[in-house]
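K.L.:
What follows is a predicted protein model with its sequence.
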Amino acid sequence: MVSLATRYLGLNLRNPLIVGASSLTMTAKGVRACAAAGAGAVVLKSLFEEQVRLDTAALDQSLEAEESWHSEVFALMEANVSMRYGTREYLQVVRDCKAATDIPVIASVNCVSTEWWEDFAGEVTAAGADALELNIAIMPRTLVTTGAEIEDRYAEIVKVARKTVRIPIAVKLGPYFTSIPQVVVRLREAGADGFVLFNRFYRPTVDIETLTLTAADPYSTSDELAPSVRWICMLAERVSADFAAATGVHTPEDVIRVVLAGSNAVQVVSALYLQGVKHLRVLREGVEEWMESHGYSTLDEFRGLMCQARHPDNEMFSRCQYIKGLVGME
Ligand SMILES: Cc1cc2nc3c(=O)[nH]c(=O)nc-3n(C[C@H](O)[C@H](O)[C@H](O)COP(=O)(O)O)c2cc1C
């Protein structure tokens, strides 16, 4: 018998398969379906900071006045106002999800500043969330904003969250930093307990027939897992924080790969949109089979086996460029 039990953010998970923030985890019904399909935990659909503001401002006024809307929020608001949660509705969703399931429920806030959601962050603990995921995505919108200014804002958000909530905090980051290790260490010092590497942002593109701006494919492929494998390999066991791999986890092999890199858990979204939540079983059984055939009975026995801390002389992950001859490629 193998056990997939793991610990993430101080929580006990029956397996490392977390359903990531998405419409799949927007309601208690969705969360119950994820749990019944075998999820180890869920991250609820993010409450967008703009929605916190909306709780106190008229929707129409805000739509007109605010130019910096995250496009996904905009679409959500426009498409179906009834689907939108304000903070009160969100807190009720947290309570309903906790009542509907016994797996850990991680609340999520999309934040670009610290001023709007501080009260909410405290309330979310009272509502019973087991942890809070900060989905921080700050776009450099001017030609003069520096990377350092943006990173300062990330650190400030984490510090304020740490002061406000007692539950564990994970920070979900995108891959676009000049020095990911330094950012992770800084946010760890600011109070983050774990990191979700990486978020996959909304991708606008150009339709060359209609000459309009459209959204590119919202779903990832397994090929997109490489940055998570690389950075978790580089950071695990060097930074005392938990890591959840995200973006591109589609197969049991993907799960095994990121655990070997040092992940405590994985987040899955696209694969479940494409295959249904029943795919969680395929992932779980595939990992179990691999463990049995390789003689492992717990995840801890192979977690981090491939991380760079254990292979300090191996430069595979710290290399940026191909070198002709060495790897046999042009
Ligand atoms: C329809 C949809 C809605 C999403 N909503 C959120 C969200 O509210 N908050 C968030 O942090 N990520 C959100 N994401 C991103 C996912 O949580 C996940 O990080 C991303 O899809 C990459 O994982 P994947 O390769 O398994 O899809 C959403 C993704 C999709 C496809």
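P.N.:
Looks like it came in fine.
K.L.:
Strands of the stretch 101-250 of the chain, residue ranges please.
P.N.:
In the stretch 101-250 of the chain, the strands defined using DSSP state E, counting those that start in this stretch lie at 105-111, 131-136, 169-173, 194-197, 204-207, 212-215, 242-245.
K.L.:
Select, out of those, the one closest to S228.
P.N.:
For the strands of the stretch 101-250 of the chain, distance to S228 was read as C-beta to C-beta. The smallest value, 4.2 Å, belongs to strand 242-245. All C-beta spots, glycine's among them, are computed from the backbone N, C-alpha and C.
K.L.:
circling back to that earlier point, could the strands of the stretch 101-250 of the chain go into CSV alongside mean neighbour count, mean pLDDT and distance to the ligand?
P.N.:
Conversion of these to CSV gives the following (neighbours: other C-beta atoms under 10 Å; pLDDT from 0 to 100; distance: least, C-beta to the nearest ligand atom, whole Å):
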stretch, mean neighbour count, mean pLDDT, distance to the ligand
strand 105-111, 28, 92, 5
strand 131-136, 25, 95, 3
strand 169-173, 25, 98, 5
strand 194-197, 26, 98, 7
strand 204-207, 10, 94, 15
strand 212-215, 10, 94, 10
strand 242-245, 28, 98, 9
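K.L.:
so which of these comes closest to R14?
P.N.:
The minimum distance between R14 and the strands of the stretch 101-250 of the chain falls on strand 105-111, with 13.9 Å, by C-beta to C-beta.
K.L.:
so how far is stretch 145-155 off the chain centroid?
P.N.:
Taking C-alpha atoms, centre = their mean, to the nearest Å, one finds stretch 145-155 lying 20 Å from the centre of the chain it belongs to.
K.L.:
show me the contacts for A245.
P.N.:
With contacts defined as C-beta atoms under 8 Å, 6 or more residues apart in numbering, the neighbours of A245 are L197, L225, S228, V229, I232, V258, A261, S263, A265, V266, Q267.
K.L.:
where does this structure come near the ligand, residue by residue?
P.N.:
20-23, 45-46, 108, 110, 135, 172, 199-200, 218, 220, 246-249, 268-271 (C-beta under 6 Å from any ligand atom).
K.L.:
Are any of the residues you listed buried, and if so which?
P.N.:
The neighbour-count test (16 or more other C-beta atoms under 10 Å) marks 20-22, 45-46, 108, 110, 135, 172, 199-200, 220, 246-249, 268-271 as buried among those.
K.L.:
List of residues touching stretch 187-195?
P.N.:
So stretch 187-195 is in contact with 8-10, 131, 134, 154-155, 158-159, 161-163, 168-173, 184, 235, 239-244, 264, going by C-beta under 8 Å, 6+ apart.
K.L.:
hmm, back to that, just the closest of the contacts of A245 to the ligand, please.
P.N.:
For the contacts of A245, the minimum distance to the ligand (C-beta to the nearest ligand atom) is 6.0 Å, reached by Q267.
K.L.:
Right, I'll call it a day here.
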